[in-house]
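# This is the structure alone, sequence omitted:
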């Protein structure tokens, strides 16, 4: 006890130091730091989980801050041509990938802000038919320019159909899974119910479907469209809502 009293301050400082070291290690191993050094992200998640909304929000914020950004929807890539050929047609550009990327890189260097190319839902359009053939060369070209980065999003169920597992590894993708409202379902339900003016449930809705933003939105709209202000008795999950509507 005398030892503890004598060195209690030092022990407390060592514990604080240990905590700060652990926090630093976790930070250095975080997705954000990894992307700062290797700006190639593959965002995956199930249908309706919020991938497109997340990318749209990030793109909107970047544009508001006048940061160079290219945003392409996978559903717009509807042929089996190379991605660059399709992208240039969409952007109405007569260019080569080398010329296009070098100009983007120069702009990024002058603005001292990384230019990021976002392609949402690469499994849509004809993506399942051409990305496997072109992904390696597509990324290899971008990696030649230090001021450029790439973000691709994909539905988890199509991940291994659109890209080969070894292609994800060889291209050093940082893979991040979007979990929607997982672990914050209760807060999300309250927010949605308040927005749709639906009485909050007395008993928390614990069904796993409520982690999905799209499901929660459809659930609330279904209640509203039936002229209701509260959940009908027994209507708690996807099975019961389909049976009800």
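Structure received. Model, not experiment: these values are computed from the prediction. Residues are numbered from 1 along each chain as shown.
# Quick one: list the elements packing against the helix or strand where residue 133 lies.
Using DSSP states H and E, residue 133 maps to helix 127-142. Secondary-structure packing of helix 127-142 (3 or more CB pairs under 8 Å, 6 or more residues apart in numbering; DSSP states H and E): helix 83-91, helix 97-111, strand 148-155, helix 159-162, helix 165-170. All C-beta atoms are positioned from the backbone trio N, CA, C, and that covers glycine.
# Recalculate using a threshold of 6 Å.
helix 159-162 (3 or more CB pairs under 6 Å, 6 or more residues apart in numbering; DSSP states H and E).
# now the helix holding residue 133: how far from the chain's centre is it?
Helix 127-142 has its average C-alpha position 20 Å from the chain's average C-alpha position, going by CA atoms, centre = their mean, to the nearest Å.
# what angle separates it from strand 148-155?
Interaxial angle of helix 127-142 relative to strand 148-155 (axes from the mean of the first three to the mean of the last three CA atoms, to 10 degrees): 160 degrees.
# which residues touch helix 127-142?
Residues outside helix 127-142 that contact it (CB atoms under 6 Å, 6 or more residues apart in numbering) are 74, 80, 82, 83, 97, 122, 148, 150, 161, 162, 167, 171.
# I'd like the next helix or strand past the longest helix seen in the chain.
Assignment by DSSP state H gives helix 2-28 as the longest helix of the chain. Moving toward the C-terminus from helix 2-28, the first helix or strand encountered (DSSP H and E) is helix 31-37.
# mind listing what's buried in that following helix?
Neighbour counts over helix 31-37 (16 or more other CB atoms under 10 Å) mark 34, 35 as buried.
# Whatever helix or strand comes next after it to helix 127-142, inter-axis angle?
As assigned by DSSP H and E, the chain's next helix or strand after helix 31-37 is strand 40-45. Strand 40-45 and helix 127-142 meet at an angle of 160 degrees, taking the same axes, to 10 degrees as the criterion.
# mean confidence score for strand 40-45?
Averaged across strand 40-45, pLDDT comes to 96.
# Could you do stretch 170-179 as well?
In the prediction, stretch 170-179 has an average pLDDT of 94.
# Tell me the gap between stretch 179-194 and the middle of its chain.
17 Å.
# for stretch 21-41, same thing?
With CA atoms, centre = their mean, you get 16 Å for stretch 21-41.
# quick revisit: and the contacts of helix 127-142, which is the shakiest by pLDDT?
Minimum pLDDT for the contacts of helix 127-142 is recorded at residue 161 (91).
# Run a quick neighbour tally on that one.
Other residues lying near residue 161 total 15 when counted by other CB atoms under 10 Å.
# I'd like to know how far the nearest residue to it once chain neighbours are set aside sits from residue 58.
Counting by CB to CB, 6 or more residues apart in numbering, residue 161 lies nearest to residue 128, which is 5.3 Å off, once chain neighbours are set aside. Going from residue 128 to residue 58 by CB to CB, to the nearest Å gives 25 Å.
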